[in-house]
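Visitor: give me a 3D structure for the following:
(one chain, ligands or ions: 2)
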Amino acid sequence: AAPERETWTSSTGFILAAVGSAVGLGNIWRFPGVAYESGGGAFLIPYLVALLTAGIPILFLDYAVGHRYRGAAPLSYRRMARPAEALGWFQIVLSFVIAVYYAAVIAWSLSYFVFAFDLRWGEDTAAFFVGEYLQVGEPGISTTLVSGVAVPLVLVWAAVLVIIALGVTKGVQRVNIIFIPLLVLAFGGLVVRALTLPGAADGLNALFTPDWAALADPAVWIAAYSQIFFSLSIAFGIMVTYASYQRRRANMTSSGLVVAFANSSFEILAGIGVFATLGFLAHQQATTIDQLEGLSGPILSFVTFPAVISEMPGGAVFGAVFFGALVLAGFTSIISILLGVAASVQEKFGLTHRTAAVTVCVVCSVISIGLFSTTSGLIALDTVDQWANNVGIVVSAIAMTVLIVWVFRTAPVLRAHLNRVSTFRVGRVWVVLVGGLAPVVLTTMLVQRVRTLVTEGYEGYPAWYLLVFGWGTIGLVAVGALVLTLIPWRGRDDAGFRAWP
Ligand code: PHE
Ligand code: NA
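Guide: Ligands and ions are numbered 1, 2, ... in the order given. Below is the predicted model:
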């Protein structure tokens, strides 16, 4: 007989692991910059709308599919309706792509954690990051290895491999039980410290002062929905996989609400911490926040922040805690991705857990190290991130909602399933949101976004480059998904599978 499927040992174990997946680099280095650029305080409106109309409903959808069909994304979708396996693979290959560059940002954070102790980045933090540390070259493909990035990146991948090979309870759950409380303490302390810096209040004003006109800009709404998907780890097949390890009698929707609330709280907290600190920077330089540059993306964390840290009394401690928190948050997220990919490969090819874990981690790490420890790293990362998050995940979410609700018509079954196991019941409005509002809004956004990317390009990078790294990424995910679906199923299939009543 096949071995029993591993399970989280308690609901707390599941919740901590799901929070670990959700709370990640997206909260700390993505959210504050996105919010600031997209209307400040006014951004909270599209953000909350996206959370309530798509984020939480699709989180429940992920949970329902995984818990009912008890497989990683491809197997769960296959059991739901055979051809839907392709959707599972699309999500899993997309996750794989994210993991490739996500690991690089964790590696940078690990380096900066060490640099913090002697403030190694010096006066000109931009020159240090781009020139000395990353040694960025022209957009293109380079083979010059940058050892300062390669070494931490290898360390990150080795740690990921060990945890995934240890499995769900001994590996992933245990890491989260230790790291999540540690992260909350560390980050909480950081925010308190930031709020006591001179100028902190100006920083908060800059973040929260609403620019109402931003609400009329479709790009702001796209930013809100993308942020919610990425941040909650939904429509990536990852939450399907996590839910599949949950026990039969599990309160799925209530756990989901806890996870969503924890993630958004952490996001707002990160926004407060980051902007209080920027307020201090503005105060030191006798200027205002809107005069500062480099308030978004990797530059915010790796150029602007180090500059502030250098000016702060006790900056070394603050810096070590900040970059340490990035490492903890990022690590618990990347292991969720790799677990999702490894479990999918394991089930499809009938491998043991360990063989699948080692194979997947080795393949992913080789690509990751090859692409991101060379001088072409930063620009490739920026481009792949843009396409994966503004195009790939939106396509995934549209496909998922339309297939489940309209093509295979499993929404009523999934709703009944959720209501049978959970105390927080989902009404018919859930089906309306998932099958009606979400796909309409998402499709409108996608069309807009694709049109802009096609006509205006991105960041002035050469067209051939966007074709390869941007559109190429999406093409690769689609082709990869198709190929993986067409390979004959070698593991235990759906024969004899009975969904939990
Ligand atoms: N949710 C994570 C973050 O906010 C990123 C992530 C995306 C994790 C997709 C898993 C899957 O950083
Ligand atoms: Na998040």
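Visitor: what's the burial count for the closest residue to ligand 2 within the stretch 351-500 of the chain?
Guide: Going by CB to the ion, ligand 2 is nearest to Asn389 of the stretch 351-500 of the chain, at 12.1 Å. In this view, the C-beta of every residue, glycine as well, is placed from N, C-alpha and C. Other residues near Asn389 number 19, with proximity taken as other CB atoms under 10 Å.
Visitor: from here on, count from 421
Guide: Renumbered: residue one is now 421, and that last one reads Asn809.
Visitor: hmm, Phe650 and it touching each other?
Guide: Yes. Counting by CB atoms under 8 Å, Asn809 touches Phe650, with 5.4 Å between them.
Visitor: Pro832 reaches Arg848, doesn't it?
Guide: No. Pro832 is beyond contact range of Arg848, at 9.3 Å (criterion: CB under 8 Å).
Visitor: what sits against the nearest residue to Thr803 once chain neighbours are set aside?
Guide: Closest residue to Thr803 apart from its sequence neighbours, by CB to CB, 6 or more residues apart in numbering: Phe889 at 4.3 Å. Listed by CB atoms under 8 Å, 6 or more residues apart in numbering, the contact set of Phe889 reads 800, 803-804, 807.
Visitor: which strand or helix spans the residue of the stretch 721-870 of the chain found nearest ligand 2?
Guide: The stretch 721-870 of the chain approaches ligand 2 most closely through Ser753 (7.3 Å), counting by CB to the ion. Using DSSP states H and E, Ser753 maps to helix 735-769.
Visitor: in that helix, what's buried?
Guide: 735, 737-768 (16 or more other CB atoms under 10 Å).
Visitor: ditto for stretch 660-673
Guide: Quick answer for stretch 660-673 (16+ other CB under 10 Å): 660-666, 670-673.
Visitor: excluding sequence neighbours, find me the nearest residue to the residue sitting nearest the centre point of the chain.
Guide: Nearest residue to the geometric centre of the chain (CA atoms, centre = their mean): Phe650, 4.4 Å. In space, and not counting its chain neighbours, Phe650 is closest to Gly446: 5.0 Å by CB to CB, 6+ apart.
Visitor: which ones are touching the one you found?
Guide: Gly446 makes contact with 647, 650-651, 687, 753, according to CB under 8 Å, 6+ apart.
Visitor: near ligand 2, which residues of the stretch 421-570 of the chain show up?
Guide: 442, 446-447 (CB under 5 Å from the ion).
Visitor: dump those residues to JSON lines, plus secondary structure and pLDDT.
Guide: Converted to JSON lines, these look like this (DSSP: H, G, I helix; E, B strand; the rest coil; pLDDT from 0 to 100):
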{"residue": "Ala442", "secondary structure": "helix", "pLDDT": "98"}
{"residue": "Gly446", "secondary structure": "helix", "pLDDT": "93"}
{"residue": "Asn447", "secondary structure": "helix", "pLDDT": "95"}
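Visitor: which of the contacts of Gly446 come close to ligand 1?
Guide: 650-651, 753 (CB under 6 Å from any ligand atom).
Visitor: could you list the low-pLDDT ranges of the stretch 821-921 of the chain?
Guide: 913-916, 920-921 (pLDDT under 70).
Visitor: mind doing that once more with 90?
Guide: 865, 879, 911-921 (pLDDT under 90).
Visitor: what are the boundaries of the helices in it?
Guide: Taking DSSP state H, counting those that start in this stretch as the test, the helices found in the stretch 821-921 of the chain are 831-841, 848-852, 858-876, 883-885, 892-906.
Visitor: can you list the ones you listed in a markdown table and add distance to ligand 2?
Guide: Shown next, in a markdown table, are those (distance: least, CB to the ion, whole Å):
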| stretch | distance to ligand 2 |
| --- | --- |
| helix 831-841 | 23 |
| helix 848-852 | 22 |
| helix 858-876 | 19 |
| helix 883-885 | 29 |
| helix 892-906 | 21 |
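Visitor: among these, which is nearest ligand 1?
Guide: helix 892-906 (13.5 Å; CB to the nearest ligand atom).
Visitor: now do that closest one and helix 858-876, the angle between them.
Guide: Between helix 892-906 and helix 858-876, the angle comes out at 130 degrees (axes from the mean of the first three to the mean of the last three CA atoms, to 10 degrees).
Visitor: so which elements touch helix 892-906?
Guide: Other elements packing on helix 892-906 under the criterion 3 or more CB pairs under 8 Å, 6 or more residues apart in numbering; DSSP states H and E are helix 505-537, helix 797-807.
Visitor: want to try JSON lines for these, with mean pLDDT as columns?
Guide: Shown next, in JSON lines, are the helices and strands packed on helix 892-906 (pLDDT from 0 to 100):
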{"stretch": "helix 505-537", "mean pLDDT": "97"}
{"stretch": "helix 797-807", "mean pLDDT": "84"}
